[in-house]
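Chemist: below is the sequence, then the predicted model.
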Amino acid sequence: MKLLDALLGRAKPVKPNLDALFAIPQAALTLQAGGGFTPTGVGAVCYRANEGAAFATMQTDVRQLLDADGGPAVERCEDSYGFTWLVCRQPPEDVSALVTELHAVNRTLEDNGFGSSLLCSQVGFRGAEGETLGLVYLYKRGSYYPFAPRPGERRDNALELQVRGLVAGDLPIEPDLPRWLALWGAPGLS
Amino acid sequence: MARTRFQSDRGLTVRMGLVGFLLAVLYLGFGAYLVYASGSIVFGLVIVVGLAWAQWYFSDKMALASMRAKVVTPEQAPELHGMIDRLVALADMPKPRVAIADTDLPNAFATGRSPDHAVVCVTTGVLRRLDAEELEGVLSHELAHVANRDVAVMTVASALGLLAGFITRWGLYFGGGRGRDRNGAAAFLVIWLVSILVYVISFLLTRALSRYRELSADRCGAFLTGRPSALASALVKISGDMARIPTRDLRAAESMNAFFFAPAVRSASLTGLIATHPPLEQRLEQLAKVSAQLGRPL
C-alpha cells in the first residue's frame, strides 16, 4: 500500500490514537510515589483549528459540553504558531476527571472528522521544589514524552530523562528523541 | 469508527495512474526494442541510469549547492524550525533538515532521496513576503512532496527519458562512427529516430506527472494545516510577484524548476503542455474545493 501511495502521491493524514490517554492516572501515581511530582490539575489539548463554519460550530459545542458539569470553565487560547489550546482544569487530586475531559475534546474532534488536526495533549505536574513538568501525549505516534521547561526557553533534559525512566512502565514513551518537541509557553506549563 | 474529512481526489488519482502506466509501457517497449536492436546500447543504459541514480541519491546536496542554500540549525532560525516541528508532529513524519537560500526570488522547494534524507528549503524572498500562516501553507506543501516521495518518483519517471535524450544527442556520433557496414548504420538510424520519438513523448508525460503531483501536494498540504485559503493566498503572492521578475535573473534557477513551489520561469512563455506546475487558476480552484469540503457539516 505504501508503494502505491507513493506512486499516486497521496500521503494520507495519520489517524490519532485516543485511548492511550487513560494511562495517565496510573503514571501520575508513579510520578508522585517515585519522583515527588504532584499533578497541577491543569491539562490542555492542542490542535490545529481548521477554517470554515463546521470547525467553529464544533468548537463552541465542545466548550458547552465541558462547561455543563459546573466545574471551572474551559479556556481557549491561541499560540504564536496558530495552534489552538483548550485548557481544562480539575481539582489536582482528580487526574481521572481531567483525563476524561481531555478525552471528550479529542472524541468530539474525531467524530466531526477533524481527528487529523489533533497535535498533542499535555498534563501538568509540579515537583517538590516547584519545578514544572508536563507529560505530553502525541496523538499521531500514540506515545508520551516528558517536557520540563525552564525560564528562558531552556529544558531540564536531565529531569526529562529521569522521568522517562520513572514512567516507562506505565506509558508508551516516544523512543525517537528528536520528536520530543518543545512546547514553549504551553498553558499550565510556565 | 473514526471519521475523517480527508478525501482523496479520485479523478486526480486516476489521471496520475494513467500517466504512470503510459510511461511504464513506453519505457518497457523502448527498453525491449533497444535490447532487440542493439547490444551496445547497454553501455549507454548503464551510464544514464547510473547518472539518474546519482541525481536521485545526491539530490539534496546538489539542489542545495545549486541554490547556494545553507542548512540552518534551530538556533539560527527558531521560528522556521518551530513551525516545521509542529507540522511534522501533525503529519507524523521524520523532521527534514531546514535550509535557507539567500535569494530574493520568492520560492521554496523540497528535495532528498527519501523522507529520512529530505531537505526543505525556503528563500529569504519567500520569508520576507509571506506572513506566518501563508509560510506554513507553503511548508506543508513542501512536506507533502516529501511524504509523497516526489523526488524518487520523478527521478524514476524521467530516468529513461534521459536515456532516450542521450541517444538522440550522442547516438549518431557513436553509432555512425563505428558503423562498419551499411546495415548497421541503417539500424542505428532507426534507433535514433525511435529515441527522438520516445524522448518527446516521455518529456510530455513526465511534465504531466509533475503537474499532477503538484496538485496532489497542494491538496495534502491544505488538509494538513486545515487552512487551504492560507496556501491559496501564498500562491497568489508568489506567482504575482514572480511574473514581474525579469527572466534574466532566473536563468540560474532553471534546473531547479521541477521541485520549486511555483515555476521560476515566466508563465506566459510556457504552454500548458510542457509546464512543470499547473496554472495558478487550477491550483486556486482545487484549494477552494478543499476549503468548501472542510466547512461542510459531516
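Modeler: Looks like it came in fine.

Chemist: contacts and neighbour counts: CA atoms only from here.
Modeler: Fine.

Chemist: is there proximity between stretch A:50-69 and chain B?
Modeler: Yes: interface with chain B: stretch A:50-69 contributes A:Asn50, A:Glu51, A:Gly52, A:Ala53, A:Ala54, A:Phe55 (Cα under 8 Å from any Cα of the partner chain).

Chemist: next: stretch A:178-190.
Modeler: Yes: residues of stretch A:178-190 contacting chain B under Cα under 8 Å from any Cα: A:Arg179, A:Leu181.

Chemist: who touches that stretch?
Modeler: Here stretch A:178-190 makes contact (Cα atoms under 8 Å, 6 or more residues apart in numbering or on different chains) with A:42-44, A:79, A:85, A:87, A:124, A:132-134, A:145-147, A:149-151, A:153, A:174, B:85-86, B:89.

Chemist: are any of those buried, and which?
Modeler: Buried by 16 or more other Cα atoms under 10 Å in any protein chain shown: A:42-44, A:85, A:87, A:124, A:132-134, A:145-147, A:149, A:174, B:85-86, B:89, out of the contacts of stretch A:178-190.

Chemist: now, these that are in strands?
Modeler: The strands, defined by DSSP state E, take in A:42-44, A:85, A:87, A:124, A:132-134, A:145-147, A:149 from the buried ones among the contacts of stretch A:178-190.

Chemist: mind listing the helices for the stretch 1-150 of chain B?
Modeler: Using DSSP state H, counting those that start in this stretch, the helices found in the stretch 1-150 of chain B span residues B:10-37, B:41-57, B:59-67, B:78-91, B:124-129, B:132-147, B:150-178.

Chemist: most tightly packed of the ones you listed?
Modeler: helix B:132-147 (a mean of 26; mean count of other Cα atoms under 10 Å in any protein chain shown).

Chemist: which element is A:Cys46 on?
Modeler: strand A:38-47 (DSSP states H and E).

Chemist: tell me which helix or strand comes right after that strand.
Modeler: helix A:53-67.

Chemist: which elements pack onto that next one?
Modeler: Here helix A:53-67 touches helix A:95-111, helix B:280-295, going by 3 or more Cα pairs under 8 Å, 6 or more residues apart in numbering or on different chains; DSSP states H and E.

Chemist: how about CSV for these, with mean pLDDT, mean neighbour count and distance to B:Ile196 added?
Modeler: What follows is these, written out as CSV (pLDDT from 0 to 100; neighbours: other Cα atoms under 10 Å in any protein chain shown; distance: least, Cα to Cα, whole Å):
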stretch, mean pLDDT, mean neighbour count, distance to B:Ile196
helix A:95-111, 88, 20, 53
helix B:280-295, 85, 17, 31
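
Chemist: what backbone torsions are found at the nearest residue to A:Gly34 once chain neighbours are set aside?
Modeler: Distance criterion Cα to Cα, 6 or more residues apart in numbering or on different chains; nearest residue to A:Gly34, sequence neighbours excluded, is A:Leu166 at 6.9 Å. Note on A:Leu166: backbone dihedrals following degrees, to the nearest 10 are phi -60, psi -50.

Chemist: likewise A:Arg89?
Modeler: phi -120, psi 140.

Chemist: for B:Leu90, see how far away the residue nearest to it when sequence neighbours are not counted is.
Modeler: Excluding the flanking residues, the one nearest A:Arg89 by Cα to Cα, 6+ apart is A:Val42, at 4.7 Å. Counting by Cα to Cα, to the nearest Å, the separation of A:Val42 from B:Leu90 is 23 Å.

Chemist: same question, A:Arg141
Modeler: 10 Å.

Chemist: ok, A:Leu29 - contacts?
Modeler: Not one residue lies near A:Leu29 by Cα under 8 Å, 6+ apart.

Chemist: got the contact list for the strand holding A:Cys46?
Modeler: The contact list for strand A:38-47, computed with Cα under 8 Å, 6+ apart, reads A:28, A:31-32, A:83-95, A:98-99, A:102, A:105-106, A:117-127, A:187-188.

Chemist: pLDDT below threshold where in the chain?
Modeler: No chain specified, so I'll use chain A. Along chain A, the parts satisfying pLDDT under 70 run over A:1-15.

Chemist: you answered for a different chain; I wanted chain B.
Modeler: B:1-8, B:35-45, B:47-48, B:160, B:169-184, B:240-274, B:298.

Chemist: for it, what's the longest helix?
Modeler: Longest helix in chain B by number of residues, with DSSP state H as the criterion: helix B:182-225.

Chemist: quick one, it and helix B:280-295 angle?
Modeler: 40 degrees (axes from the mean of the first three to the mean of the last three Cα atoms, to 10 degrees).

Chemist: so which elements touch helix B:182-225?
Modeler: helix B:10-37, helix B:78-91, helix B:132-147, helix B:150-178, helix B:228-243, helix B:280-295.

Chemist: let's have those helices in JSON lines, adding distance to chain A.
Modeler: Formatted as JSON lines, the helices and strands packed on helix B:182-225 follow (distance: least, Cα to the nearest Cα, whole Å):
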{"stretch": "helix B:10-37", "distance to chain A": "6"}
{"stretch": "helix B:78-91", "distance to chain A": "5"}
{"stretch": "helix B:132-147", "distance to chain A": "6"}
{"stretch": "helix B:150-178", "distance to chain A": "7"}
{"stretch": "helix B:228-243", "distance to chain A": "8"}
{"stretch": "helix B:280-295", "distance to chain A": "4"}
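
Chemist: save those helices as TSV, and put in distance to B:Lys70 too.
Modeler: Below are the helices and strands packed on helix B:182-225 laid out as TSV (distance: least, Cα to Cα, whole Å):
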stretch	distance to B:Lys70
helix B:10-37	34
helix B:78-91	14
helix B:132-147	17
helix B:150-178	20
helix B:228-243	22
helix B:280-295	29
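
Chemist: among these, which comes closest to A:Ala23?
Modeler: helix B:78-91 (21.0 Å; Cα to Cα).

Chemist: go through stretch A:177-190 and flag the buried ones.
Modeler: Buried residues in stretch A:177-190 (16+ other Cα under 10 Å): A:Arg179, A:Trp180, A:Leu181, A:Ala182, A:Leu183, A:Trp184, A:Ala186, A:Pro187, A:Gly188, A:Leu189.

Chemist: report the two of these separated the most.
Modeler: A:Arg179 and A:Gly188 (21.0 Å).

Chemist: which ones are touching residue 145?
Modeler: Looking at chain A here, since you left the chain open. A:Tyr145 neighbours (Cα under 8 Å, 6+ apart): A:Leu135, A:Val136, A:Tyr137, A:Arg164, A:Ile173, A:Glu174, A:Trp180.

Chemist: was after chain B, sorry
Modeler: B:His145 touches B:Ala110, B:Val151, B:Arg213, B:Ala217, counting by Cα under 8 Å, 6+ apart.

Chemist: filter the residues you listed down to the buried ones and hand me the PyMOL line.
Modeler: In PyMOL, this line selects whichever of the contacts of B:His145 come out buried by 16+ other Cα under 10 Å:
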select buried, chain B and resi 110+151+213+217
